[in-house]
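>>> From the sequence below, what's the structure:
(chains A and B)
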2 protein chains.
Amino acid sequence: MSAPFGRVAVIGLGLIGSSITRAVQAYLPEVHVSGYDKDMAVRSTARALALAEIHDDIATAVAQAECIILAVPPGAMESAACEMAPHIRADAVISDTGSCKASVLAALSRALPDHIIIPAHPVAGTEQSGPEAGFGTLFQNRWCILTPPADTDATQVERLATFWQALGANVEVMDAQHHDLVLAVTSHLPHLIAYTIVGTADDLADVTESEVIKFSAGGFRDFTRIAASDPTMWRDVFLNNRDAVLEMLQRFTEDLTGLQRAIRLGDGEQLYAHFARTRAIRRGIIDQGQDDARPDFGREHN
Amino acid sequence: MSAPFGRVAVIGLGLIGSSITRAVQAYLPEVHVSGYDKDMAVRSTARALALAEIHDDIATAVAQAECIILAVPPGAMESAACEMAPHIRADAVISDTGSCKASVLAALSRALPDHIIIPAHPVAGTEQSGPEAGFGTLFQNRWCILTPPADTDATQVERLATFWQALGANVEVMDAQHHDLVLAVTSHLPHLIAYTIVGTADDLADVTESEVIKFSAGGFRDFTRIAASDPTMWRDVFLNNRDAVLEMLQRFTEDLTGLQRAIRLGDGEQLYAHFARTRAIRRGIIDQGQDDARPDFGREHN
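Numbers count the residues shown, from 1 in each chain, chains lettered A, B, ... in the order given. Modelled structure (predicted):
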């Protein structure tokens, strides 16, 4: 298989962007990667890590690229696209890695009305941020969702799919609205809830922070990992996928209210019935290789 | 250090009970452990695993024990205590491993009014259940909370503390009511929320279960681990720590409503301010050895 693109530019060199550059180095070494980040310190780190050919201006970084991947927060997509617009090849495939897709598609279409735009979302990450946090196996056996507009040339979609598959990802194509609904429940709502409960615990007057930390192994610590994710990115996700998140939040709140009522009334049967049916999804996730099968995520116990 | 008890009985041989027997074998090999579980299949497994001297009746299992640990769901504590009452030594220390303490203390005090009762809660576990799921290092560097009634002989508390320390745990003593408040936020509320969101996702008509599973790496999968915990135990926790759970749930709901409103109004500043302050707790948890410092809990990426 020959590489789908000879030259790729990655704009934004945080966790995801830097993982892409590393994965290309590992799995598509024949592909030339140029990189740019608007933060000078990030560029320095990226140079020191030899993540790609790092440029100090976006114009040079994108100039020859056949594929440009914007790995910046959703709210920064449009300005980055506008900035690079005068410098990109007419036949370049413009993509991204944002966690919400309808708003990104709209933003990129405004900034680059005459280009091939194929938004993408690799559903992968960790709670860490920055160029040092990336690693080349991040996308192995994770899903990357492409959300091309309906009239996109299928050959170009196939090229981008081949690129992500080469980095280890499974690729699925769906429309941007459906993506946003699916991710609202599998990613955005979980993050909102995790951020909320960690804040709630932090605000308690009658339980000290020291106690919250000490006894976090009872379940709370899992939420703190998610709530340690990049705040800028997550602010943008909620601002850019508002309707789907509010819709899922409404359903969640109804369900939580139902369980709250069962607790208040001492309805053990309802609680048991609810708690007993949630194991099947976990089993499916492990069977499909989307989580570590080891107990406790394989955490070390020693 | 000589062992604080020569003979220990463990009643209930699931994840926690079987981990205690294994930890005693590993770290206090001079201590004799007898075991009992009301489920015959569990007893057979426990025998096959050589977890302890397994008895087919609770009377023989507890007869000579200086310390009896009830590792059964909170709702089963009182009946187990009543059943063993005629057979236990007058000087035996009666303890347990339940996740709520005020109700357990009340139940054990009713069943065994003349005995030394020191409730305990090792804040440790995995999402798995049953005697095969246990392991001897489960309590290493985890906290075990003792909640003795105010008039308890300090020497006996010290004995039980020494026992748990020998199994690798750090010990903290507090009153049962405070325990229940602290654990409501660090354990019970997180579980309730996780069970809720997994149920919400399972009920969606416009997102398939297959999609939920595929794209779970965006955060959702973390919740499915917690929501795979033992349903009987968790039903009992919510029935037995109702007031503290409802109180914490109320605060959580208020905070969630505040963030919901910020999303609806597009208030990015409020969202950012909230998301930026939750990293400190994660750092504290890792600094104090209560979670794996590796990104993504050290999950494998390959």
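>>> make it CA atoms for all contacts and neighbour counts henceforth
Noted.
>>> pretty sure A:A63 is touching A:I88, no?
Yes. Counting by C-alpha atoms under 8 Å, A:A63 does reach A:I88; the two are 5.1 Å apart.
>>> ok, those two, which is more surrounded?
A:I88 (24 against 19; other C-alpha atoms under 10 Å in any protein chain shown).
>>> check contacts around A:V207.
B:L181, B:V182 (C-alpha atoms under 8 Å, 6 or more residues apart in numbering or on different chains).
>>> Any figure for the gap between it and B:P122?
Distance from A:V207 to B:P122, counting by C-alpha to C-alpha, to the nearest Å: 18 Å.
>>> Equivalent analysis for A:D203, please.
Taken as C-alpha to C-alpha, the span from A:D203 to B:P122 is 25 Å.
>>> For those two, indicate the residue with more neighbours.
More crowded of A:D203 and B:P122, by other C-alpha under 10 Å: B:P122, with 24 against 13.
>>> for that one, what are its contacts?
So, once contact is read as C-alpha under 8 Å, 6+ apart, B:P122 ends up touching B:T97, B:F139, B:R142, B:W143, B:C144, B:I145, B:A169.
>>> can you narrow these to ones near chain A?
Intersecting those with the contacts of chain A gives B:F139, B:R142, B:W143 (criterion: C-alpha under 8 Å from any C-alpha of the partner chain).
>>> Give me the neighbour count for the last one.
Going back to what we said before, that points to B:W143. Look at B:W143: counted by other C-alpha under 10 Å, it has 24 neighbours.
>>> per-residue pLDDT, it?
Looking at B:W143, its pLDDT reads 97.
>>> I'd assumed B:N170 was in contact with it.
Yes. Contact criterion C-alpha under 8 Å: B:W143 and B:N170 qualify, at 4.7 Å.
>>> A:A107: neighbour count?
Around A:A107 there are 20 residues (other C-alpha under 10 Å).
>>> Tell me which residues touch it, please.
Neighbouring residues of A:A107 by C-alpha under 8 Å, 6+ apart: A:M77, A:E78.
>>> export the helix or strand that contains it as CSV, just CAs?
Counting by DSSP states H and E, the element that carries A:A107 is helix A:102-111. The C-alpha coordinates for helix A:102-111 follow below in CSV (Å, rounded to 0.1, in the frame of the first residue of the first chain):
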residue,chain,number,x,y,z
ALA,A,102,-21.3,20.0,12.7
SER,A,103,-19.9,23.2,14.0
VAL,A,104,-16.4,22.4,12.8
LEU,A,105,-17.7,21.6,9.3
ALA,A,106,-19.6,24.9,9.2
ALA,A,107,-16.6,26.8,10.4
LEU,A,108,-14.2,25.2,7.9
SER,A,109,-16.7,25.6,5.1
ARG,A,110,-17.0,29.3,5.8
ALA,A,111,-13.2,29.7,5.9
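>>> so can I have JSON lines of the ones next to chain A among the contacts of B:P122 showing distance to A:T152?
Shown next, in JSON lines, are the ones next to chain A among the contacts of B:P122 (distance: C-alpha to C-alpha, whole Å):
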{"residue": "B:F139", "distance to A:T152": "56"}
{"residue": "B:R142", "distance to A:T152": "54"}
{"residue": "B:W143", "distance to A:T152": "57"}
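>>> Assumed A:A124 was part of a helix.
No. With DSSP: H, G, I helix; E, B strand; the rest coil as the criterion, A:A124 is located in coil rather than a helix.
>>> Relative to A:E66, how far out is the residue lying closest to A:S109 once chain neighbours are set aside?
The shortest distance from A:S109 to any non-neighbouring residue, by C-alpha to C-alpha, 6 or more residues apart in numbering or on different chains, is to A:I117 (7.3 Å). A:I117 sits 12 Å away from A:E66, going by C-alpha to C-alpha.
>>> shared neighbours of the two, anything?
A:V93.
>>> between the two, which one's more packed in?
Set A:I117 next to A:E66 and count neighbours by other C-alpha under 10 Å: A:I117 wins out with 23 against 19.
>>> If I look at that one, what pLDDT would I see?
For A:I117, the model assigns a pLDDT of 98.
>>> Quick check: bridge partners of it?
Beta-bridge partners recorded for A:I117 (DSSP bridges): A:I94.
>>> next one: the one 5 residues further on
The residues paired with A:P122 through beta bridges, assigned by DSSP bridges, are A:C144.
>>> What's the separation between it and B:D175?
From A:P122 over to B:D175 (counting by C-alpha to C-alpha), the distance is 48 Å.
>>> A:L108 too?
Look at A:L108 and B:D175: by C-alpha to C-alpha, they are 58 Å apart.
>>> Show me which of the two is the more surrounded one.
Counted by other C-alpha under 10 Å, A:L108 and B:D175 do not tie: A:L108 has more neighbours, with 24 against 16.
>>> Verify the stated contact: the more buried one with A:E78.
Yes. The pair A:L108 / A:E78 is scored as a contact, 5.9 Å apart, by C-alpha under 8 Å.
>>> can you map out the helices along chain A?
All helices of chain A, identified by DSSP state H, fall at A:15-27, A:40-48, A:58-62, A:77-84, A:102-111, A:154-166, A:176-183, A:189-203, A:209-214, A:220-226, A:231-240, A:242-265, A:268-276, A:279-287.
>>> and of the ones you listed, who's closest to B:D267?
helix A:231-240 (8.0 Å; C-alpha to C-alpha).
>>> Just checking the distance from that closest one to the centre of its chain.
11 Å (C-alpha atoms, centre = their mean, to the nearest Å).
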